[in-house]
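Trainee: Generate coordinates for the sequence data below:
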Amino acid sequence: MLGKLESLFGFRNNVMDLKRIRIIQGGMGIHMSSWKLAKAVSLKGQLGVVSGTAIDTVVARKLQLGDLDGNIRRALDHCPLKGVAQRVKERFFVEGGKDPAAPFKDLGSWSLPMSRGRIELMIAANFVEVYLAREGHDGPIGINYLEKIQLPALPSLFGAMLAGVHVVLMGAGVPAAIPEVLDLLSQGKEASLVIGVESTSPSDAAAVARLDPSEYADGELPQLSRPHFIGIVSSDTIARSLEKRAPGGVAGYVIEHHTAGGHNAPPRRDRTAQDEGMSSYGIKDNPDFEKIRRIGKPFWLGGGYANPEGLARALAEGATGIQVGTPFAYSDESEMNPDLKSEVIRQVLAGTVSVETSFDASPTGYPFKLVRPEGNHLVTDAVEPRHRVCDMGYLRTAYRKEDGSLGWRCGAEPVASYVAKGGKEEDTRNKVCLCNGLMAVVGLGQVRKGVVELPVLTSGDELVNIGRYLKDGKSRYSASDVIDYILA
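Mentor: Model prediction:
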């Protein structure tokens, strides 16, 4: 099977391949970085990256909408786990699409033990996204995950590896366990992952998720190639920690500045300055490039480098290249709702849109970039207009109940429910459901009583500069335009 994959896609993993990559396309949001965008970037000789976040819900909802272009079903037909692929199609595909006023099927929240049906959907969905990104060319493709979203990690990685993903990128934490997981899965062995649990007792037994690949194969398990692992970090401290905890398992690093979109690393100074109306980020939050160079691994700089001068600055610091997210998010190939995309571009040109760092919005507790276009009808502006509900559950946190069993809570769920689970009411203040909001950005928002969820839009500070990619008075641009501009 491995030989067939390499023959089909024509790419073998090695460090020299990574060192030739000048641009890593950011794996953004939920499905913003879809296979279409990743393929467009890869065809230009750079690293195209699909977003693995909530990809099971994305594929399930697209099948319910009828999979009108047939891409998902075609990819599933090539999945080596035939039984898994068939069951996913039977469960979710709706010929002609569901009634637009009807809600999508409730998949339920992730929990331990994980149901077989949910695991199979996650395996199949990751296979689909990577397969479609790689189809018909031999360029490199990566997939991006968040360390914070732990429960789906094992089946996600397995599914992506089934499709021959070249690179796995992960941030939003210290993903020290992932290199060993990749080693085990590539050998067809059972892999496990310790799940973080909030508890008042340090003696509590850890919660562990496990995946045995052989349990999902119809016959002989396909041989898999181990992808490169790139850690997305904010500082040399985290990079050096990964090196110590996963020696030899990390191929390189993306050093992401707090000007990047999505979740950012918390500032390394106290909140006093922020409370006084001052910036909460300071010089301590800038990475030490000398210490990063000493690690001796390829690295890319992310956050505000998406121009020729930015690339030159990165190379001068010893970087292999740069990671670029926000400019690709507004390109033709991204999955952002076209009307929302064009309206934000219009407002960028008019100077009526802004990006702010919220220290409260994300249930994870991490700072999160929010786009504020003029007109609150475009995106979710605050928690009050939205009915609080946690029905996707990717960002929930595990905790120990009094009886010793696991419970799950999220700061964006109804306040009374969160408090009843032992959470503090202040931890719910100004929290926004990112799961539902980000799903709405790509046109897959849940329908509640005939009303579709409003988007929660995130971008980096670079958003205000995307006009540089527009040519000859046009109001849209392609991923190719972004790459050509940066590499000019």
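Trainee: Just confirm Tyr394 contacts Thr53, I think it does.
Mentor: Yes. The pair formed by Tyr394 and Thr53 meets the contact definition of C-beta atoms under 8 Å, at 7.1 Å. (Glycine included, C-beta is placed from N, CA and C.)
Trainee: which SS class is Glu402?
Mentor: Remark: Glu402 carries the secondary structure label coil [criterion: DSSP: H, G, I helix; E, B strand; the rest coil].
Trainee: ok so Asn144 is a helix residue?
Mentor: No. Under the criterion used here (three-state DSSP), Asn144 is strand, not part of a helix.
Trainee: Now for the nearest residue to it once chain neighbours are set aside, how many residues are close by?
Mentor: When the adjacent residues along the chain are set aside, Asn144 lies closest to Gly27, with 2.3 Å between them (C-beta to C-beta, 6 or more residues apart in numbering). A total of 28 residues lie near Gly27 under the criterion other C-beta atoms under 10 Å.
Trainee: quick one: which of Tyr394 and Thr53 has more around it?
Mentor: The residue with the greater number of neighbours, taking Tyr394 and Thr53 and applying other C-beta under 10 Å, is Thr53; the counts read 31 against 23.
Trainee: What separation is there between that one and Ser186?
Mentor: Separation of Thr53 from Ser186 (C-beta to C-beta, to the nearest Å) stands at 23 Å.
Trainee: just Phe299 next, same as before
Mentor: With distances taken as C-beta to C-beta, Phe299 is found 24 Å from Ser186.
Trainee: again, but for Arg409
Mentor: In this structure, Arg409 and Ser186 are 35 Å apart, going by C-beta to C-beta.
Trainee: Who has more neighbours out of those two?
Mentor: Taking neighbours as other C-beta under 10 Å, Arg409 and Ser186 compare with Arg409 leading, 23 against 19.
Trainee: I figured the more buried one hits Tyr418, correct?
Mentor: Yes. Taking C-beta under 8 Å as the definition, Arg409 is a contact partner of Tyr418 at 5.5 Å.
Trainee: if we can go back for a sec, quick one: what helix or strand has the residue nearest to Asn144 in it?
Mentor: With elements delineated by DSSP states H and E, Gly27 resides in a region that no helix or strand encompasses.
Trainee: residue contacts, it?
Mentor: Shown here is Gly27, whose contacts under the criterion C-beta atoms under 8 Å, 6 or more residues apart in numbering are 33, 49-53, 142-145, 169.
Trainee: give me that answer again for 10 Å
Mentor: With C-beta atoms under 10 Å, 6 or more residues apart in numbering as the criterion, the residues that contact Gly27 are 33, 37-38, 48-53, 142-146, 168-171, 232, 262, 323, 325.
Trainee: which neighbours do Arg409 and Tyr418 share?
Mentor: With contacts defined as C-beta under 10 Å, 6+ apart, the residues shared by Arg409 and Tyr418 are 363, 390, 427-428.
Trainee: Would you mind giving the residues you listed as CSV with pLDDT, neighbour count and secondary structure added?
Mentor: Below are those laid out as CSV (pLDDT from 0 to 100; neighbours: other C-beta atoms under 10 Å; DSSP: H, G, I helix; E, B strand; the rest coil):
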residue, pLDDT, neighbour count, secondary structure
Pro363, 90, 26, coil
Cys390, 88, 23, coil
Asp427, 92, 16, helix
Thr428, 91, 23, helix
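Trainee: ok, which pair from these is furthest apart?
Mentor: Comparing all pairs in these by C-beta to C-beta, the longest separation belongs to Cys390 and Asp427, at 13.3 Å.
Trainee: joint contacts of the two?
Mentor: Listed contacts common to Cys390 and Asp427 are 363, 409-411, 418; contacts here mean C-beta under 10 Å, 6+ apart.
Trainee: Restricted to helices, list those residues.
Mentor: Assigned to helices by DSSP state H, the following of these qualify: Tyr418.
Trainee: Tell me the one among the shared contacts of Cys390 and Asp427 nearest to Gln86.
Mentor: Nearest to Gln86 among those, counting by C-beta to C-beta, is Cys410 at 33.1 Å.
Trainee: Show the contacting residues for that closest one.
Mentor: Under the criterion of C-beta under 10 Å, 6+ apart, the contact partners of Cys410 comprise 109, 363-364, 388-390, 392-397, 417-418, 421, 423, 427-428, 431, 433-435.
Trainee: run the last query once more with 6 Å
Mentor: With contacts defined as C-beta atoms under 6 Å, 6 or more residues apart in numbering, Cys410 is in contact with 363, 390, 395-396.
Trainee: What residues sit buried inside stretch 36-44?
Mentor: Buried positions in stretch 36-44, judged by neighbour count with 16 or more other C-beta atoms under 10 Å: 36-44.
Trainee: swap that for stretch 236-246, please
Mentor: Counting neighbours by 16+ other C-beta under 10 Å, one finds that the buried residues in stretch 236-246 are 236, 238-239, 242-243, 246.
Trainee: same deal with stretch 391-403?
Mentor: 392-400.
Trainee: for the stretch 51-200 of the chain, which spans come out with low pLDDT?
Mentor: Counting by pLDDT under 70, the stretch 51-200 of the chain contains low-confidence residues at 200.
Trainee: for the stretch 351-488 of the chain, what spans make up the helices?
Mentor: In the stretch 351-488 of the chain, helices defined by DSSP state H, counting those that start in this stretch lie at 415-420, 434-441, 479-487, listed in chain order.
Trainee: out of these, nearest to Asp339?
Mentor: The stretch from these with the least distance to Asp339 (C-beta to C-beta) is helix 434-441; that distance is 11.3 Å.
Trainee: residues making contact with that closest one?
Mentor: Contact partners of helix 434-441, identified using C-beta under 6 Å, 6+ apart, comprise 29-30, 336, 380, 392, 394, 445-446, 453, 455-457.
Trainee: Serialize the helices of the stretch 351-488 of the chain to a markdown table and add fields for mean pLDDT and distance to Glu190.
Mentor: Formatted as a markdown table, these follow (pLDDT from 0 to 100; distance: least, C-beta to C-beta, whole Å):
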| stretch | mean pLDDT | distance to Glu190 |
| --- | --- | --- |
| helix 415-420 | 93 | 35 |
| helix 434-441 | 93 | 29 |
| helix 479-487 | 97 | 39 |
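Trainee: Kindly reformat the ones you listed as CSV containing distance to Leu157 and mean neighbour count.
Mentor: Conversion of the helices of the stretch 351-488 of the chain to CSV gives the following (distance: least, C-beta to C-beta, whole Å; neighbours: other C-beta atoms under 10 Å):
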stretch, distance to Leu157, mean neighbour count
helix 415-420, 30, 15
helix 434-441, 20, 26
helix 479-487, 26, 20
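Trainee: For these, give me CSV that also has distance to His257.
Mentor: Output for the helices of the stretch 351-488 of the chain, formatted as CSV (distance: least, C-beta to C-beta, whole Å):
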stretch, distance to His257
helix 415-420, 32
helix 434-441, 21
helix 479-487, 17
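Trainee: And these: which comes nearest Thr57?
Mentor: Going by C-beta to C-beta, the one of the helices of the stretch 351-488 of the chain nearest Thr57 is helix 434-441, 6.7 Å.
Trainee: which residue packs closest to Lys62, ignoring adjacent ones?
Mentor: If the residues on either side of it in the chain are set aside, Lys62 comes closest to Ile72, at 5.8 Å by C-beta to C-beta, 6+ apart.
Trainee: still on that earlier bit, closest to Ile119 among the contacts of Cys410?
Mentor: For these, the closest approach to Ile119 (C-beta to C-beta) belongs to Arg396, at 17.3 Å.
Trainee: so who does that closest one touch?
Mentor: With contacts defined as C-beta under 6 Å, 6+ apart, Arg396 is in contact with 408, 410.
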